[in-house]
Each structure stands twice: as structure tokens, then as C-alpha cells.
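**Student:** With the input below, show me the fold.
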Amino acid sequence: MSPAAQATPGDLPASAPIADLPSPASVPEWMVTTTDGHSESGYLPPWATSDPSERDLLPHQLSTYLADITHAREFPGQTVLAYSPTHRDDQPVPAEILHTSIVCTPYAPEPEPRIPVATIQLADETWLTDLDPDDLSRIATQLRTQADLLQNKVLPALVQARADWPSPHTIDTPDSPKSADRADSRTPLTAGHPTREDRPTTDTAALGCARTTRTVDAQ
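**Tutor:** Have a look, this model is predicted:
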């Protein structure tokens, strides 16, 4: 057999393995079926944290179920102590900021959420939604700019402001020891002076100062 000749399966020994033909890459899918035999399926992304597949849905439930399908991946934010109007004890509580997620809602009414987008929860009840890669990149740049401002401008200014501020022992406050000592050293208003209750009363009538009423007869 010449080197250019092609071997056929019949030319190969019975024990020689025949290479498998390449098969298409397996694509993960979710599937939803109804009791009347109808089915819907779609792409299940590898980053999704749950599989929405379901069996034996009632036919009238299908449209609602499909509309609720959301693929998501969560990215934790930062936890800070913050005051919230929902807490009435006026004390700071742990709060998560900048929680981010990638979401995709294939059957959303609007076209934007039908492909993966990002959502950032800035704080409680405040979100940035339907962010595409350009949006997310711009916000990341803004956050880095703000972080640089906090680190390089606000932080030094705060340190200097605190360094310039008078120390607590030089400030008289109502509850400071210095103010308390000075208050204790003050002479009470009643010390050495008769109070109104201690002063002797004067009988104005005895001094001829009693008010009298004179009646004038009409002529």
C-alpha cells in the first residue's frame, strides 16, 4: 500500500480500534414540560446557580413559569455600619452595599434583560439595573475615582482636621470635669444672703403706707 493510499475499515485488523467521529459539543439545557405533553427548553449557562427545569406543570401555569425564569450569579458587596430609618433605636446596623449580580431573564417583556446584564444594589431599596459591559465598566471607573478621593483627599483632610482640633481637656463642656469643678466652686446665690423667704416681712399698714380709698361726695 502506497503512503498516499487511504485505509478503509475493511483493511484494518479486527482488533484495531476505529476512532470515534467528533460529536457536537454538549450544550446544557433546562427543560420544562406540562401534563399535556408540551415542553419548552433553553440554554442553561454554566454560571447560573440553579436549574429551572420542571416537570408536569399544568398547561395554564406554563407562561407564568417561563416569565419567572431567571438565571443569576451573586457577588457579595461590602458590609458597613449604617443608620437606617427602618431601625427606630437610632443605632447603626450592619448593611451591605454594592452587592452585585449577573442576571438573565430569557422571557422578560423587555429585550434588555433577555441577555445577561448586571445589577448593583447600592444600598437597601436602591439598585442600578440592566447594566451592559460598558455601563459596568463606567461605574467601576467612577467607584475607583471615588475610592481615590476618599483615600488621597478626604482621609488626609480628616486626619489634619482632627490634629488641629483642641484636645478634650481644653474644651469646656457641660459634663467636663473642669466645668463641674468650676460650678462647684461658685458661691450659691443664697449663701450669706437672705432668701426671699428668710427676709422679714414689712407691715405696710403699720408704716402708714396702707392703700386707702377716699370717697368724694358729689356736690
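
**Student:** and L57, how many neighbours?
**Tutor:** 19 (other CB atoms under 10 Å). Backbone N, C-alpha and C define where each C-beta goes, glycine included.

**Student:** mean confidence score for the top helix by length along the chain?
**Tutor:** Once the chain is assigned using DSSP state H, the helix that runs over the most residues is helix 133-149. Average pLDDT, helix 133-149: 97.

**Student:** do the same with stretch 155-166
**Tutor:** Stretch 155-166 shows a mean pLDDT of 95.

**Student:** Can you give me the neighbour number for V80?
**Tutor:** 13.

**Student:** from memory it sits against P94, does it?
**Tutor:** Yes. The criterion here is CB atoms under 8 Å, and V80 meets it with P94 at 7.5 Å.

**Student:** which residues does I97 contact?
**Tutor:** G77, Q78, T79, V80, A82, Q121, L122, A123 (CB atoms under 8 Å, 6 or more residues apart in numbering).

**Student:** With distance to P133 as new columns, can these be given to me in JSON lines?
**Tutor:** As requested, these are exported to JSON lines (distance: CB to CB, whole Å):
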{"residue": "G77", "distance to P133": "20"}
{"residue": "Q78", "distance to P133": "22"}
{"residue": "T79", "distance to P133": "27"}
{"residue": "V80", "distance to P133": "27"}
{"residue": "A82", "distance to P133": "30"}
{"residue": "Q121", "distance to P133": "19"}
{"residue": "L122", "distance to P133": "19"}
{"residue": "A123", "distance to P133": "24"}
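
**Student:** Now the buried members of those.
**Tutor:** G77, Q121 (16 or more other CB atoms under 10 Å).

**Student:** Using pLDDT, spot the least trustworthy of the contacts of I97.
**Tutor:** Among those, A123 has the weakest pLDDT, 86.

**Student:** Could you check what's spatially nearest to it, not counting adjacent residues?
**Tutor:** I97 (5.4 Å; CB to CB, 6 or more residues apart in numbering).

**Student:** This structure: strands as residue ranges?
**Tutor:** Along the chain, counting by DSSP state E, strands occupy 29-34, 39-43, 54-57, 71-75, 78-82, 93-97, 99-104, 117-123, 126-131.
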